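Peer 1: Show me how the following folds:
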Amino acid sequence: MTTALAYGQGKLRVEFEGLDVEVIQPDHRPGIADERSALCEALDHPIGAEPLSRWMRPGQRICVTFTDLTRATPNERIIPVLLDYLERHGARKDAIVLLNQLGTHRPNTREELEVMLTPGVVRSYRVLNHDAESAEALTQVGVTDDGTPALINRHYVEADLRIVTGFIEPHLFAGFSGGPKNVMPGIAGLETVKSNHGYGHIADPNATFGKTHDNPVWAEMKRIALQAGKAFLLNVTLNNDRELTGVFAGDLLKSHEAGCDFVREAAMQRVAGPYDIVVTTNSGYPLDLNLYQTAKGIGAAARIVRQGGVIIVASECREGVPSDSAFERLLKGASGPADLLRKLDAAEKSLPDQWQAQIQANCQLAAQIQLYSSMSDEAVRSVHLEPCHDIAASVRKIAAGMKRPPRIAVLPYGPLTIPYLAPQG
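Peer 2: Here you go, the predicted structure:
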């Protein structure tokens, strides 16, 4: 059988002829035929809140947040519709700030912003990259669980009308993206993010895909987002073709919860038992831009691989690890995954990007991990992974060394799927 894996901006076709392979992916949902009408309908008939038009007042300052380059949100189709709606109901262009939810990621260039938002939007509105390390850009709204100041972008906090946009997908330790996560860590200070993504929170078994109840990471994100001020949410859900399948607008928590239920129903895929080999992806571009993000696809596979099994992840990583990042320094500064986890556990305070390194290291203790990417073999090995040049050949080689036919699973869309093991007994 031939399976198409999401890879970069295309598909990677892998022939698994002669092998018994189980393909696991989200249930397909058709795209909405008229996206503009669906978006406007959601703004006029939101969940748990009054229509957005009734939130508006003359002369008010409006802050609209949007997801950055590493997210698949079709901002170029959502943001212009939202801005048109705001202007039709009296908002002035010069009263609107568009704030990029970078979290701790790199700033996006003007050219990238034009692709993300359309050139017309970038030309006509004030568009800002959030800066997690700028004291001038941040204001305190509370404290985290460990007493660290909870810092959020002041353009958002000081706005009279806050509108949070994004999309909802499974997330490896927050449960789901979107909603409060678009605020914290989306527009939060670095020290706040480091506290929330600290070693203890990430190590909690409830900090995992598809789970928000009793998840300490999510609970703190939610609390800080609410402390930052009342907001109107506009989140969407997508299918594998990046078409809108649902629009969830209104109350920050209620509309997001409805969206999570919608995603969970399609993404949760039950399997009978663990697999010897799991082939996964990072759902293609833009999430597979670098290895830092690839922990998500690896984490999805780790949920169903047997102890000592093999995970092969196809992730383009056109931006590398990325180089000279805190994530790269963490990985290269340890002799291996066990050493990395010891260092993180013993550290007096959290370090930037340690959460992705922690998750990757935990997965490596459970399984051997091979990476099919555009990175050099030297670069792959330097971060304690094994390079893979031919996925089908690697699977056949592993299978040939086993005394029984292996159980093999393929996750063509990686972390967009939440596979889980059926309860035993």
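
Peer 1: contacts, neighbours, all on C-alpha from now
Peer 2: Noted.

Peer 1: what residues go with each domain of this protein?
Peer 2: 2-26+272-421, 35-265 (automatic domain parsing).

Peer 1: Mind putting the ones you listed into a markdown table with mean pLDDT?
Peer 2: Output for the domains of the chain, formatted as a markdown table (pLDDT from 0 to 100):
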| stretch | mean pLDDT |
| --- | --- |
| domain 2-26+272-421 | 95 |
| domain 35-265 | 97 |
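
Peer 1: Make TSV from these and add mean neighbour count to it.
Peer 2: Formatted as TSV, these follow (neighbours: other CA atoms under 10 Å):
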stretch	mean neighbour count
domain 2-26+272-421	20
domain 35-265	20
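
Peer 1: residue contacts, A272?
Peer 2: By CA atoms under 8 Å, 6 or more residues apart in numbering, the contact list for A272 reads L421, A422.

Peer 1: Please enumerate the helices of the stretch 151-300 of the chain.
Peer 2: With DSSP state H, counting those that start in this stretch as the criterion, the stretch 151-300 of the chain has helices at 154-157, 190-196, 199-203, 216-227, 254-267, 291-302.

Peer 1: Let's have these in JSON lines, adding distance to C363.
Peer 2: Shown next, in JSON lines, are the helices of the stretch 151-300 of the chain (distance: least, CA to CA, whole Å):
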{"stretch": "helix 154-157", "distance to C363": "36"}
{"stretch": "helix 190-196", "distance to C363": "21"}
{"stretch": "helix 199-203", "distance to C363": "12"}
{"stretch": "helix 216-227", "distance to C363": "19"}
{"stretch": "helix 254-267", "distance to C363": "21"}
{"stretch": "helix 291-302", "distance to C363": "6"}
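
Peer 1: How about P337, nearest residue that isn't a chain neighbour?
Peer 2: A361 (4.5 Å; CA to CA, 6 or more residues apart in numbering).

Peer 1: and that neighbour, what helix or strand is that in?
Peer 2: helix 354-366 (DSSP states H and E).

Peer 1: Okay, angle between that helix and helix 291-302 too, please.
Peer 2: 40 degrees (axes from the mean of the first three to the mean of the last three CA atoms, to 10 degrees).

Peer 1: next one: helix 354-366 to chain centre, how far?
Peer 2: Centroid displacement of helix 354-366 relative to its chain, using CA atoms, centre = their mean, to the nearest Å, is 16 Å.

Peer 1: So I224 is in contact with V141, correct?
Peer 2: Yes. Counting by CA atoms under 8 Å, I224 does reach V141; the two are 7.3 Å apart.

Peer 1: which residues do these two both contact?
Peer 2: Residues touching both I224 and V141 (CA under 8 Å, 6+ apart): A150.

Peer 1: by contact count, what packs against the helix holding A361?
Peer 2: If contacts are counted by 3 or more CA pairs under 8 Å, 6 or more residues apart in numbering; DSSP states H and E, helix 354-366 sits against helix 199-203, helix 291-302, strand 305-314, helix 326-332, helix 337-346.

Peer 1: Out of those, which gets nearest to S134?
Peer 2: Checking these against S134 by CA to CA gives helix 326-332 as the closest, at 17.9 Å.

Peer 1: Name the surrounding residues that touch that closest one.
Peer 2: For helix 326-332, using CA under 8 Å, 6+ apart, the contacting residues are Y292, V321, P322, L340, P352, D353, Q354, Q356, A357, S382, V383, H384.

Peer 1: could you dump the residues you listed to CSV with distance to W218?
Peer 2: What follows is these, written out as CSV (distance: CA to CA, whole Å):
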residue, distance to W218
Y292, 20
V321, 26
P322, 27
L340, 25
P352, 19
D353, 18
Q354, 18
Q356, 16
A357, 19
S382, 32
V383, 29
H384, 30
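
Peer 1: excluding its backbone neighbours, what's nearest L344?
Peer 2: Y199 (6.9 Å).

Peer 1: could you list every residue that touches that neighbour?
Peer 2: Counting by CA under 8 Å, 6+ apart, Y199 has contacts L344, D345, S350, Q354, W355, Q358.

Peer 1: Kindly report the same for D377.
Peer 2: E386, P387.

Peer 1: any idea how far it is from P387?
Peer 2: 6 Å (CA to CA, to the nearest Å).

Peer 1: Was I right to think the residue nearest to P337 contacts L340?
Peer 2: Yes. A361 is in contact with L340 according to CA under 8 Å; the separation is 7.2 Å.

Peer 1: Apart from its neighbours in sequence, what residue is nearest H197?
Peer 2: Nearest in space to H197, with sequence neighbours left out and distances taken as CA to CA, 6+ apart, is W355 at 6.0 Å.

Peer 1: how much space between the one you found and V247?
Peer 2: The gap separating W355 from V247 is 30 Å, by CA to CA.

Peer 1: go on, G179?
Peer 2: 12 Å.

Peer 1: Now the common contact residues for these two.
Peer 2: Common neighbours of G179 and V247 (CA under 8 Å, 6+ apart) are N235.

Peer 1: Within the helices and strands, which one has V141?
Peer 2: strand 138-143.

Peer 1: residue ranges for the helices of the stretch 1-150 of the chain, please.
Peer 2: With DSSP H, counting those that start in this stretch applied, the stretch 1-150 of the chain shows helices at 35-44, 75-88, 110-117, 119-124, listed in chain order.

Peer 1: can you put these in CSV and add distance to A6?
Peer 2: Shown next, in CSV, are the helices of the stretch 1-150 of the chain (distance: least, CA to CA, whole Å):
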stretch, distance to A6
helix 35-44, 24
helix 75-88, 21
helix 110-117, 20
helix 119-124, 28
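
Peer 1: for those, which one sits closest to T212?
Peer 2: Of the helices of the stretch 1-150 of the chain, nearest to T212 by CA to CA is helix 35-44, at 24.0 Å.

Peer 1: Remind me what that closest one packs against, helices and strands.
Peer 2: helix 75-88, strand 244-251.

Peer 1: just the CA coordinates of the last one, formatted as PDB?
Peer 2: Taking only C-alpha atoms (Å, rounded to 0.1, in the frame of the first residue of the first chain), the coordinates of strand 244-251 have been written out as PDB:
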ATOM      1  CA  LEU A 244     -12.700  25.500   7.700                       C
ATOM      2  CA  THR A 245     -14.900  22.800   9.200                       C
ATOM      3  CA  GLY A 246     -16.300  24.900  12.100                       C
ATOM      4  CA  VAL A 247     -16.300  28.400  13.600                       C
ATOM      5  CA  PHE A 248     -16.500  28.800  17.300                       C
ATOM      6  CA  ALA A 249     -17.000  32.400  18.500                       C
ATOM      7  CA  GLY A 250     -18.100  34.100  21.700                       C
ATOM      8  CA  ASP A 251     -17.200  33.600  25.300                       C
END
